[in-house]
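Undergrad: Quick one, fold the following:
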Amino acid sequence: LTGHPSSFSACAISPDSAFVVSASWDSTCKIWEVASGRERATLTRHFTLFRDCAISPDSDFVVAAGFDQTCSIWEAGTGKVRATLTGHTAEVNACAISPDSDFVITASQDHTCKIWDAATGEERATLAGHTNLVKAGAVSPDLDFVVSASFDSTCKLWDAATWKERATLGHPGIVCACAISPDSDFVVSAGDHGTCKVWDAATGEERATLAGHTRTVFACAISPDSDFVVSAGEDQTCKVWDAVTGQQRATLTGHTGTVNACAISPDADFIVTASEDKTCKIWDAATGKEGATLPLLGGSSCLALHPWQPFAACGDSGGNVYLIDLVGIDYGPIIVTAVDLGKGAGPALRCPKCFRLHSLDDAWLGEVTECPTPDCKLSLRVNPFVTRIGTRRQPAAPADREPQEAVKPPTTTVATPGRRHWWSRQ
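TA: Numbering: from 1, shown residues only. Take a look at the predicted model:
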């Protein structure tokens, strides 16, 4: 898909698996239909470059962060602007959306993060305390805290009820990325001096230092079962780490340029990486063995994986968007986490295929089961823990939707850029 004339900066796949969002330095974001590859909408802002984008957990709206010191919120269905978030005094580097789709967090070069009401666009809070630009931010799955990562050699934990700082996590050198585990138990920071660190989310104490990269680590990801961490770096490698012990499990070698992005499949069996060497690669998460390489037309700095199918999206420095079918890959049971919204209804889990909420049967915890929806039956591996949302906000669950028709891979291969067949298992 050649809809962007300039470098591609970020992408995301909607939780309902219906569309992909791409953000570019050409002052546009675009929404693409997953099934057809058709462009649904172009989201335009005058004279700004987009650095990041995110899609709400209910797939209702899109957020994009710009160089013009603002963030924009668009309706995903129509592409209409819902709100423009103004208040930062420097470029906005990143954006994220709370798990209940209630608020947006933005991270800026003005040394702050800001919290915004997702419905009205009004500013709720400014998280001030960093002494250098804030590169990234994340919201815990249980809505208890927010993490910010800064070039001032720290991450900070912020209380999501009071927006007061809870802890400062010291890191050697700049911090480029952060991630929160699916059980909200720990935080990972990645940055300078070839290290990642694992932190206890409740106490802010360091649990482990993941040392092994020889240059800056630009990206990190945590498996959907909280079992392992993946880091991607300037030393042209990715590494897989045990999330509990901090021991290195594998080094993924094969790229010949900086690895800018990494993602873990929803069954935790595969890792996908994107590099400046004009390739994406897929790896076996257990063995670290390279499975396939996809040549691109330019260096890549971002990628996203489909919530339940072997499908990926990425972009390159030439503005090309790639929708990739991982042909020959068969996912195992998709890992899901039950959520207790704190409204008296008890825990429930959402199937990523039919997008319906189902009341949790305690017998499912830690086990493999089928989605109860009769025409879905997706195989699910339910995490043994439940994410419990506090009562401070009482978020409303997204309304149940009609089941999405399964996305069927095309019968022919389309030349790059666009939809590609990639990976044929021996």
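Undergrad: In which helix or strand does the residue nearest to residue 56 when sequence neighbours are not counted reside?
TA: Closest residue to residue 56 apart from its sequence neighbours, by CB to CB, 6 or more residues apart in numbering: residue 101 at 4.3 Å. No exception for glycine: its C-beta is placed from N, CA and C like everyone else's. Using DSSP states H and E, residue 101 falls within no helix or strand.
Undergrad: isn't residue 101 right up against residue 57?
TA: Yes - using CB atoms under 8 Å, residue 101 is in contact with residue 57, at 5.4 Å.
Undergrad: Compare these two (neighbour count), which wins?
TA: Shown here are residue 101 and residue 57; by other CB atoms under 10 Å, residue 101 has more neighbours (21 against 18).
Undergrad: Just the pLDDT for the closest residue to residue 113 other than its chain neighbours.
TA: Once flanking residues are discounted, residue 113 sits nearest to residue 127: 4.1 Å by CB to CB, 6+ apart. Predicted confidence (pLDDT) for residue 127: 98.
Undergrad: Kindly report the same for residue 407.
TA: 31.
Undergrad: Kindly report the same for residue 118.
TA: Residue 118 is assigned 97 on the pLDDT scale.
Undergrad: Can you name every helix or strand that whichever strand or helix holds residue 280 contacts?
TA: Residue 280 belongs to strand 279-284 when assigned by DSSP H and E. With contacts taken as 3 or more CB pairs under 8 Å, 6 or more residues apart in numbering; DSSP states H and E, strand 279-284 sits against strand 270-275, strand 290-295, strand 321-326.
Undergrad: Out of those, which is the most enclosed?
TA: Among the helices and strands packed on strand 279-284, strand 270-275 has the highest mean neighbour count (mean count of other CB atoms under 10 Å), at a mean of 26.
Undergrad: got a list of what the residue nearest to residue 129 when sequence neighbours are not counted touches?
TA: Nearest residue to residue 129 in three dimensions, chain neighbours excluded: residue 165, at 5.5 Å (CB to CB, 6+ apart). Contacts were defined as CB atoms under 8 Å, 6 or more residues apart in numbering; by that measure residue 165 touches 127, 129, 156-159.
Undergrad: ok, residue 282 - contacts?
TA: The neighbourhood of residue 282, defined by CB under 8 Å, 6+ apart, consists of 270-272, 290-292, 294, 326, 329, 422-423.
Undergrad: again, only using 7 Å
TA: For residue 282, the contacting residues are 270, 272, 291-292, 326, 423, by CB atoms under 7 Å, 6 or more residues apart in numbering.
Undergrad: Distance from the chain centre to stretch 131-140, please.
TA: Distance of stretch 131-140 from the chain centroid (CA atoms, centre = their mean, to the nearest Å) equals 14 Å.
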